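# coords please:
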Amino acid sequence: MKDCQSNADAWPIDLGKQSENKLAHCTEVTPFVSICQPENEKQKGEEDGGDSDKDAGGGLTDAQTEMLERCLHALKHAKNDSHILAALLLITRLCPASQLDKPTLQRIFEAVGLNLPARLLVTAVRGSESSGLNPEELLSLGTALLAALSTDPEMASHPQLLTTIPLLLGILANSPVLNQQKQAAQEQNQARDTKMTPLSQSPDSEEQSAKTSNPVCNPANVYKNPGGENETSKQNSFDGSAANGVSAPQETSPSSKLDEAMAADCYQVLTAVCALPRGPDQLLSRGAIPALCQVLEQNQTFSSNKGLPLLGCLLSGKTKDKAWSKYPAELLTLLVRLLKDFCQATDQVRLGMCTQLVQFLPPTEVATESEELKGAVTHVWAILRPMIQAKVTPRQIGQILVLSACLLDLYGWEVVGPPKVCCLLVNRACVEVRMGLEEPPGNELSPELQHTLTGCYRIMEAAIEQACSVGITQTAAPPQSARATLSLQQSRQVLRVLEEAFSAIIYYLQQVDPSRYGDPFIFATFRALCSWLAEETSCLKEEVTNLLPFLISYSRSHLQGESPDQGLSCWMAEMSVSQEGRAWMGKDPLRYLLPALCHLSAEESPRKVLLSLDTPALLVDFLSQCWSSMKGKGGGASTRDPSMETACSALLNFTVTEAERVRRDPCFKTLEILLSEALPVLVHKPHLVVLGANYCTLGLMIGRLKPVPTGDHKLGSAKAGQRRFFSSALRFLRGALESGSSSSPVKVSLTWEEFWDEAAELWRLGLQALGGCIRAQPWIATLVREEGWLKHTLTMLGQCSALPDQHTQEALEEALCAMADQCQLCKEEIRDMMRRYNKGVLSCMQNLKKSAGVK
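This is a model prediction of the structure:
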């Protein structure tokens with residue numbers, strides 16, 4: 001065995017140094033073949049009834065098992081490549097791969113290894129003449145070996161097998177070239193035989209010719225016996241066509257049959273690798289995407305049946321974004337062709353293609369850059385319109401709606417067509433949701449129905465934005481784009497059917513038990529409802545209020561890690577649902593609910609329910625986790641997170657309306673500590689101005705509600721955390737405006753200018769809250785003077801001719817009046833500055849003049 005192994009590692013395949021040792025001569029092979037005697041043993045087994053006696057595993061007959069053991073023994077003790085090849089050829093002829101159990105495959109692997117099939121492929125590609133076999137035979141045997149071994153996942157993941165992937169892809173992609181090489185080789189052999197073989201042969205030559213033509217001695221006949229048992233065995237062993245229900249095209253050429261069988265073996269190996277946990281990454285890194293695109297461009301039926309599902313698998317999981325980023329041109333070309341095929345197909349074929357097309361759709365950023373794809377999608381929508389209205393089975397309408405949802409993700413409503421198509425699509429999706437969810441409690445939804453409903457949710461989410469935006473633009477100006485083509489009546493119609501569908505969703509979620517919080521479908525349903533609540537809270541107000549215990553419980557369960565969401569995390573990772581490639585986190589459900597909480601916390605009835613559910617503590621916990629995550633990213637801390645700003649808005653609603661709750665709830669004390677830690681950092685983060693404005697304003701609004709005990713009005717009585725926060729708040733507020741030359745208007749600073757529309761109202765509210773803090777905690781007035789805020793502000797107002805707007809002037813005047821009322825030193829400084837500057841904005845502040853005592 002040692003000699004055999006050393007010979008097996010040699011490159012390339014060489015079946016003998018002398019012509020008499022070549023496999024075609026069969027001189028050395030004959031003793032080995034006579035041991036196995038497959039034909040005789042098979043006939044004997046049939047006579048003895050052996051075919052009817054299956055082994056315990058239900059695989060091989062007793063006769064087959066006995067012959068297999070002989071072949072394995074011969075394989076183990078083979079002395080050279082010719083013996084190994086002969087044994088393997090007999091095994092592949094004798095035993096279909098599906099009937100070989102794992103131990104048998106392991107024995108074959110131990111005897112042969114993966115080096116041999118790899119060398120067979122390389123030798124064939126290089127066109128070595130020392131092998132004794134033509135390239136077609138080498139490729140066929142090499143791929144057959146790999147296909148058989150790959151049926152075991154452990155062998156499919158072996159590094160040696162993975163190294164053959166580029167060769168297999170090359171065989172599939174360049175088969176016409178290989179066919180040309182094989183044809184040329186055959187022509188050369190025929191010419192040589194014609195030249196060297198006389199018309200009248202000697203008895204010796206006739207004997208050798210008979211040996212060569214023996215189907216047992218000649219490996220080529222194992223594959224080239226047209227219509228015979230050997231070809232059928234090869235086909236059943238490795239291509240899997242019978243099991244998969246794929247009927248091979250009718251071919252008359254033996255070489256065509258061989259190519260198809262070889263391709264089936266290649267696809268078997270690639271599919272086995274793809275099924276491994278890291279299989280898609282292995283294929284992607286070895287060039288599977290461009291190779292498969294090249295294969296599919298040849299538009300052969302067999303390759304389409306095998307290659308499209310394999311490529312679809314690579315494009316529908318975690319490797320989707322990576323594949324599209326590396327090979328956008330190849331994939332776009334293929335996708336446009338598939339879309340054209342869809343448009344030209346019959347109605348029945350189109351129904352079957354809907355699911356397939358979903359796998360090949362690109363990420364949004366890729367789609368927006370391709371006008372050709374946009375045009376193709378426009379044609380697809382024209383085909384989908386009658387399909388949406390057609391009477392089809394529930395499964396078929398589900399596939400149509402899922403494809404429609406994915407197309408909406410790419411280009412929105414712009415290319416869908418006339419407004420009535422929008423109404424029709426939304427109505428059909430809402431009907432499916434109501435039919436699916438308004439079932440009696442206890443009825444489980446099938447995975448297929450869940451998939452359909454998830455697609456309907458995406459259509460509904462897109463429709464919400466469409467209908468709500470149209471309702472606004474109709475009263476403001478004529479529609480300027482396809483997004484605003486719904487009439488006001490159509491918009492109301494869409495909102496009405498959406499309301500009915502979301503009523504069904506609320507009914508369904510009311511029945512969800514906490515044990516199902518980890519179900520991905522529950523998350524999809526929760527997210528769809530949150531999209532509705534973010535835009536519309538006036539409808540179904542009572543039903544929504546009654547559902548708040550579930551919404552808060554679900555969000556808290558994921559945020560605090562109490563739910564069995566490992567399945568949800570794995571599903572999110574596999575489906576790449578999370579944005580920007582980040583991993584799924586427990587904070588994600590609450591992120592979707594936050595806009596609704598902003599609306600609901602502003603209304604008294606739902607706010608009382610939210611307070612009873614301890615919602616402020618949930619929001620503070622969310623901000624704490626987000627801030628810790630932001631700090632942990634280091635340089636990435638400048639990335640803006642809008643959900644943190646939204647959480648601050650909801651907390652601000654509670655702070656404004658529920659003063660007593662703020663004073664006694666421990667979570668607001670925790671929030672103050674967080675703000676005193678974060679705001680000093682945010683002062684130096686120009687890209688986080690909006691978050692800083694939220695933190696600053698929220699902290700000042702809380703500060704105005706917490707007066708210090710009587711007698712503790714001096715700066716020294718303030719805690720370190722309080723002083724740090726208010727010092728940072730003064731620096732932050734000061735940075736919003738900057739003055740130019742003397743007597744020129746004050747402008748918004750460059751740092752704030754980009755975000756002024758979002759942050760201006762928060763900045764003004766912060767100034768008003770600062771005045772309230774000074775009235776509640778007089779020690780802050782001293783800090784205002786020491787930090788230089790008062791002097792800077794008075795100088796700016798005395799020199800400038802105007803402020804950005806009247807609201808800004810009113811906010812500054814309110815803060816200055818509070819300082820003048822609470823601090824005698826501040827009052828004197830204000831009075832002195834107003835007397836010095838009698839022409840600037842400062843001189844126009846009448847209320848401040850009264851507070852400072854200036855006539």
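
# where's the nearest residue to residue 505 once chain neighbours are set aside, which helix or strand?
Nearest residue to residue 505, sequence neighbours excluded (C-beta to C-beta, 6 or more residues apart in numbering): residue 529, at 5.2 Å. C-beta here means a position set from N, CA and C on the backbone, and glycine is covered the same way. Per DSSP states H and E: residue 529 is located in helix 520-535.

# which helices and strands does that helix pack with?
helix 447-476, helix 488-509, helix 541-559, helix 566-575, helix 588-600 (3 or more C-beta pairs under 8 Å, 6 or more residues apart in numbering; DSSP states H and E).

# tell me which of the ones you listed sits most buried.
Mean neighbour count (mean count of other C-beta atoms under 10 Å) peaks for helix 588-600 among these, with a mean of 23.

# what mean pLDDT does the helix or strand following that helix get?
Of the helices and strands lying after helix 588-600 in sequence (DSSP H and E), the nearest is helix 604-612. Over the span of helix 604-612, the pLDDT mean works out to 96.

# what comes up buried for helix 604-612?
For helix 604-612, the neighbour count (16 or more other C-beta atoms under 10 Å) marks 606, 607, 609, 610, 611 as buried.

# kindly report the same for stretch 719-735.
For stretch 719-735, burial by neighbour count (16+ other C-beta under 10 Å) applies to 722-735.

# residue 126: neighbouring residues, count only.
12 (other C-beta atoms under 10 Å).

# quick one on the thing from earlier: got a list of what the residue nearest to residue 505 touches?
Contact analysis of residue 529 by C-beta atoms under 8 Å, 6 or more residues apart in numbering lists 502, 505, 506, 509, 551.

# and residue 560, how many neighbours does it have?
Using other C-beta under 10 Å, residue 560 has 12 neighbouring residues.

# that one reaches residue 621, doesn't it?
Yes - the pair residue 560 / residue 621 is scored as a contact, 7.3 Å apart, by C-beta atoms under 8 Å.

# for residue 787, what are its contacts?
The neighbours of residue 787, taking C-beta under 8 Å, 6+ apart as the test, are 727, 730, 731.

# what's the separation between the nearest residue to residue 762 once chain neighbours are set aside and residue 338?
Once flanking residues are discounted, residue 762 sits nearest to residue 693: 4.0 Å by C-beta to C-beta, 6+ apart. Distance, residue 693 to residue 338, by C-beta to C-beta, to the nearest Å: 49 Å.

# show me which of those two is the more surrounded one.
Per other C-beta under 10 Å, whichever of residue 693 and residue 338 has more neighbours is residue 693, with 26 against 21.

# need phi/psi at the more buried one.
Backbone torsions for residue 693, taken as degrees, to the nearest 10, come to phi -60, psi -40.

# so it makes contact with residue 765?
No - using C-beta under 8 Å, residue 693 is not in contact with residue 765, being 9.0 Å away.

# pLDDT below threshold where in the stretch 551-700 of the chain?
Flagging of the stretch 551-700 of the chain using pLDDT under 70 yields the residue ranges 562-586, 634-638.

# now do 50
For the stretch 551-700 of the chain, residues meeting the criterion pLDDT under 50 lie at 564-565, 571, 573-584, 636.

# ok, and the closest non-adjacent residue to residue 550?
Using C-beta to C-beta, 6+ apart and skipping the chain neighbours, the partner closest in space to residue 550 is residue 509 (5.7 Å).

# next, the contact list for that neighbour, please.
Contacts were defined as C-beta under 8 Å, 6+ apart; by that measure residue 509 touches 522, 525, 526, 529, 547, 550.

# and the strand or helix carrying residue 648, C-alpha only, in PDB?
Assigned by DSSP H and E, residue 648 belongs to helix 642-657. Extracted as PDB, the C-alpha positions of helix 642-657 are listed here (Å, rounded to 0.1, in the frame of the first residue of the first chain):
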ATOM      1  CA  PRO A 642     -31.400  58.000  14.500                       C
ATOM      2  CA  SER A 643     -33.000  55.500  16.800                       C
ATOM      3  CA  MET A 644     -31.200  57.000  19.800                       C
ATOM      4  CA  GLU A 645     -32.500  60.500  18.800                       C
ATOM      5  CA  THR A 646     -36.000  59.000  18.600                       C
ATOM      6  CA  ALA A 647     -35.800  57.400  22.000                       C
ATOM      7  CA  CYS A 648     -34.700  60.900  23.400                       C
ATOM      8  CA  SER A 649     -37.800  62.400  21.800                       C
ATOM      9  CA  ALA A 650     -40.100  59.900  23.600                       C
ATOM     10  CA  LEU A 651     -38.400  60.500  26.900                       C
ATOM     11  CA  LEU A 652     -38.700  64.200  26.300                       C
ATOM     12  CA  ASN A 653     -42.500  63.700  26.000                       C
ATOM     13  CA  PHE A 654     -42.600  62.000  29.400                       C
ATOM     14  CA  THR A 655     -40.400  64.700  30.900                       C
ATOM     15  CA  VAL A 656     -42.600  67.500  29.700                       C
ATOM     16  CA  THR A 657     -45.900  65.900  30.700                       C
END
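
# give me phi/psi at residue 737?
The phi and psi values for residue 737, taken as degrees, to the nearest 10, are phi -120, psi 150.

# now it, nearest residue through space, not along the chain?
The nearest residue in space to residue 737 (C-beta to C-beta, 6+ apart) is residue 746, at 5.1 Å.

# my read: the one you found touches residue 802, true?
Yes - assessed by C-beta under 8 Å, residue 746 is found in contact with residue 802 at 7.0 Å.

# overlap of the contact sets of the two?
Shared contacts of residue 746 and residue 802, counting by C-beta under 8 Å, 6+ apart, come down to residue 841.

# ok, these two, which is more surrounded?
residue 746 (23 against 16).

# need the contact list for that one.
737, 738, 739, 740, 796, 800, 802, 803, 804, 841.

# try residue 272
Taking C-beta under 8 Å, 6+ apart, we find residue 272 in contact with 150, 151, 153, 156.
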